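*Asks:* Just to be clear, the model below is a prediction. Sequence and coordinates:
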Amino acid sequence: MEKRRTRGKIASLIAAVLLVALMAVPVSAATTYTPVAGTTTNFIKYLIVDSDANIPEAEFSFTVSAGAPATPAAGEIEVYAGPNPEKVVVGTAGKTAFTAGQSTTPGEATDNITNSTAKKYAHNTVAVNFKQVSFSNPGIYRYLITETAQAAGSAYTNDSEAVRTIDVYVQDNNGALEVQGYVMYKGNVTYAPKMNATLPTGIEKSNNYINEYTTYDLTVGKEVKGNQGSKDKYFEFTVTLAGAEIKDDNLYTIETANFDTNPVKTDSTKYTTMIQPADENSSSADGVQVKGSTLKTGMKVYLKHDQYIIIDGIPEGTTYTVTEEAEDYTSTGSSTTKTVTYSTISATDSTNGTIDADKVTGFENEKGGVIPTGILLSATPWIIVGLVVVAGIVFFAIRSKKKYDEE
């Protein structure tokens, strides 16, 4: 009897050990599957600008990390931390780039874009490549994609949420592994998906990042005053922009609706084109487009009375300087605020500063002279002498004629 009890205890112990061992081994052991490589999915990167601005040269970067695993409750699917996140490639070497002047198309409502006539929308399709990653078992593998935040003070506005979660669904297809698909969520998602695919409250699918590029306009004009001021005379202005976002190949539209395309200075032929250097200009339906390199080195503009230009799409945070060659006129403008009225616009901003709103500036030039007094008084004696002489001539002419008639 004692031996049976001993044997029974040993059997129970062996059974317990086997149960523990079985529990420790996955239902689908790794050795029963040939690992499967991931494939490629993608997301959309939007860059939104004002309607009068051009798409700038811009680059955005991303990093990939493993998401947190999630233990399932009843009716949920287990989530594993994504293996080898360093092998997941986003875009081109972790980046996507917009080119200067890139074309624009309306945004998609499915991407949570509400189109506005005041805005333009450019987008890139960004690949997320999992081909260097192997998955050994069925399940959901979670990764996080984080967009690198823009520097403080940049003209670029970060997306409202820097992180996107990507779940890779791997399934058993008749004993072979296959990547079934990908689901992307906004933010750092930590839940275990339900088998019926119902999303919990607060979980939002998203396959895009949205960034905005904040720009403003700079208006520069000319007013001439004084009784000797010529309203046909052109003055040379130099407009210079500086800042990290002013890149050489970025294009800036200059509205040129109210001035001549071939101004000529009143006393020489110094000015041959309204904007110089001419070889960096390109025509546009809105006026003239110049490159950032022109504005960085100082763009020459020639304006006469009541004329002005508007430089569109200058990125927020840019510093600007406007100077002019006043010649023999008295010029007012400099760095202080000065009200200059030209056309229907009053310029009340200084001629240098930071672009943090639409700026309107310019120069008032004045040239006057006082007509010397006393000219008529000093000439009176000569006028009287002249009148006496004329009267004498008339008198003698009449007398001579009368005497001739009597004879």
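*Replies:* Received the coordinates, thanks. Bear in mind that the values here come from a model prediction, so they are computed numbers and not experimental data. Residues are numbered from 1 along each chain as shown.
*Asks:* Break the protein down into its domains, please.
*Replies:* 26-213, 215-366 (automatic domain parsing).
*Asks:* Centre of the chain to the shortest one, how far?
*Replies:* Spelled out, it's domain 215-366. In terms of C-alpha atoms, centre = their mean, to the nearest Å, the centre of domain 215-366 is set 21 Å apart from its chain centre.
*Asks:* Could you tell me the end-to-end distance of that domain?
*Replies:* In domain 215-366, first residue to last residue: 34 Å (C-alpha to C-alpha, to the nearest Å).
*Asks:* Now the residue positioned nearest the centre of the chain. Its backbone dihedrals?
*Replies:* Against the mean C-alpha coordinate of the chain, by C-alpha atoms, centre = their mean, the closest residue is residue 213 at 3.5 Å. When read as degrees, to the nearest 10, the backbone of residue 213 gives phi -120, psi 110.
*Asks:* And the strands in the stretch 201-350 of the chain, which stretches?
*Replies:* 208-213, 215-225, 235-242, 251-255, 275-276, 281-284, 287-291, 299-303, 308-315, 319-325, 330-332, 340-342, 345-347 (DSSP state E, counting those that start in this stretch).
*Asks:* Under the pLDDT cut-off, which ranges of this protein? List them.
*Replies:* Across the chain, the ranges flagged by pLDDT under 70 are 1-31, 257-273, 276-286, 334-338, 371-407.
*Asks:* Pull out the buried positions in stretch 87-103.
*Replies:* By 16 or more other C-beta atoms under 10 Å, the buried positions in stretch 87-103 come out as 88, 89, 90, 91, 96, 98, 100, 101, 102. In this view, the C-beta of every residue, glycine as well, is placed from N, C-alpha and C.
*Asks:* which one is the first one nearest to, not counting chain neighbours?
*Replies:* Think residue 88. Nearest non-adjacent residue to residue 88, counting by C-beta to C-beta, 6 or more residues apart in numbering: residue 64, 4.4 Å away.
*Asks:* again with the last one
*Replies:* Nearest residue to residue 102, sequence neighbours excluded (C-beta to C-beta, 6+ apart): residue 55, at 4.2 Å.
*Asks:* Would you confirm that the residue nearest to the centre of the chain contacts residue 58?
*Replies:* Yes: the pair residue 213 and residue 58 passes the contact test of C-beta atoms under 8 Å, sitting 7.3 Å apart.
*Asks:* mind listing the helices for the chain?
*Replies:* For the chain, the helices defined by DSSP state H cover 2-24, 292-297, 375-406.
*Asks:* Spit out the contact partners of residue 191.
*Replies:* Residues counted as contacts of residue 191 (C-beta atoms under 8 Å, 6 or more residues apart in numbering) are 70, 200, 203.
*Asks:* shouldn't the last one be in contact with residue 188?
*Replies:* No: at 11.1 Å, residue 203 and residue 188 do not qualify as touching, with contact defined as C-beta under 8 Å.
*Asks:* got the contact list for residue 101?
*Replies:* Residue 101 touches 54, 55, 251, counting by C-beta under 8 Å, 6+ apart.
*Asks:* burial of residue 228, as a residue count?
*Replies:* 12 (other C-beta atoms under 10 Å).
*Asks:* Quick check: nearest residue in space to residue 47, chain neighbours excluded?
*Replies:* residue 122 (4.8 Å).
*Asks:* So the one you found versus residue 88, what's the distance?
*Replies:* 25 Å (C-beta to C-beta, to the nearest Å).
*Asks:* again with residue 48
*Replies:* For residue 48 relative to residue 88 (C-beta to C-beta), the value is 27 Å.
*Asks:* what's the answer for residue 171, then?
*Replies:* Note on residue 171: its distance to residue 88, by C-beta to C-beta, is 20 Å.
*Asks:* what do you get for residue 319?
*Replies:* Between residue 319 and residue 88 the computed distance is 40 Å (C-beta to C-beta).
*Asks:* just residue 318 next, same as before
*Replies:* 36 Å.
*Asks:* And for residue 223?
*Replies:* 60 Å.
*Asks:* got it, and residue 178?
*Replies:* 18 Å.
*Asks:* rewinding a little: between residue 213 and residue 58, which contacts overlap?
*Replies:* With C-beta under 8 Å, 6+ apart as the test, residue 213 and residue 58 both reach 47, 156.
*Asks:* Residue 300 and residue 238 touch, don't they?
*Replies:* Yes: look at residue 300 against residue 238 with C-beta under 8 Å: they come within range, at 6.0 Å.
*Asks:* Between the two, point out the one with more neighbours.
*Replies:* residue 300 (17 against 14).
*Asks:* hey, what's that one bridged with?
*Replies:* Residue 300 forms beta bridges with residue 238, residue 276, as assigned by DSSP bridges.
*Asks:* And for the one 10 residues further on?
*Replies:* Judged by DSSP bridges, the bridge partners of residue 310 are residue 219, residue 255.
*Asks:* thought it was touching residue 216?
*Replies:* No: with contact defined as C-beta under 8 Å, residue 310 and residue 216 do not form a contacting pair (10.7 Å).
*Asks:* For residue 122, give me its contacts.
*Replies:* By C-beta under 8 Å, 6+ apart, the residues touching residue 122 are 46, 47, 48, 49, 55, 98, 102, 103, 104, 105.
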